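*Asks:* What follows is a protein structure lacking sequence information:
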């Protein structure tokens, strides 16, 4: 491929994925600053007597929501976890029926959590791949595109023509900084 083709690929992939770049920048900075919980959404907890039995998940959740004048999620496909918890809904509005134990009394309790996320909460969910298969495909394509951006940039600059040695040292320095910054997490 010639330099002009690489420039065309670089330009149009960059423009196409610009919205994804903005989404990842905004949600990433907010998450790094620890502010994601203030934006994530509003949860409402409803006490229930038990978890739904197999085969009655949708009817059970509908009955509880109806008794509290709350809408059903637009998607009634559900997931049952090993713990017996049931999750239904979309990233923007979902329901989780779960059981746990009171820390003080050690008595079991059951709740239905109704979570309504705002736009930012939905964006944050997309950032961390919260059960969104189509967006996951876009995210993987975006990741591959980042590699193409760097390769096309190297081709366009003819790999730092005349300054290749310093470019390699800068690259190696970047690897060292990444490793050193990750060491405290081990």
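*Replies:* Looks like it came in fine. All values derive from a computational prediction rather than experimental measurement.
*Asks:* if I look at residue 72, how far off is residue 51?
*Replies:* 18 Å (C-beta to C-beta, to the nearest Å). In this view, the C-beta of every residue, glycine as well, is placed from N, C-alpha and C.
*Asks:* which one of the two has more residues nearby?
*Replies:* Applying other C-beta atoms under 10 Å to residue 72 and residue 51 shows that residue 51 carries more neighbours, namely 19 against 15.
*Asks:* where does the closest residue to the more buried one other than its chain neighbours land in three-state SS?
*Replies:* Of all residues not flanking residue 51 in the chain, residue 84 sits nearest, at 5.0 Å (C-beta to C-beta, 6 or more residues apart in numbering). Assigned by DSSP: H, G, I helix; E, B strand; the rest coil, the conformation of residue 84 is coil.
*Asks:* What is the neighbour count of residue 84?
*Replies:* By other C-beta under 10 Å, neighbour count at residue 84 equals 15.
*Asks:* when you give positions from now on, start the count at 23
*Replies:* Right, with 23 as the first residue, what we last looked at is residue 106.
*Asks:* That one reaches residue 121, doesn't it?
*Replies:* Yes - if you go by C-beta atoms under 8 Å, residue 106 and residue 121 touch, sitting 6.5 Å apart.
*Asks:* Now do the shared contacts for these two.
*Replies:* residue 73 (C-beta atoms under 8 Å, 6 or more residues apart in numbering).
*Asks:* So in the chain, which helix runs the longest?
*Replies:* helix 155-178 (DSSP state H).
*Asks:* hang on, residue 69 in a helix?
*Replies:* No - assessed with three-state DSSP, residue 69 is strand; it does not lie in a helix.
*Asks:* Does it touch residue 124 like I think?
*Replies:* No - if you go by C-beta under 8 Å, residue 69 and residue 124 don't touch, sitting 11.9 Å apart.
*Asks:* Quick check: neighbours shared by the two?
*Replies:* With C-beta under 8 Å, 6+ apart, residue 69 and residue 124 have common neighbours residue 131.
*Asks:* and the residue nearest to residue 73, what is it in contact with?
*Replies:* Per C-beta under 8 Å, 6+ apart, neighbours of residue 106: 73, 120-121.
*Asks:* mind putting those residues in CSV, secondary structure and pLDDT included?
*Replies:* Listed next are those as CSV, based on DSSP: H, G, I helix; E, B strand; the rest coil; pLDDT from 0 to 100:
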residue, secondary structure, pLDDT
73, coil, 83
120, strand, 89
121, strand, 87
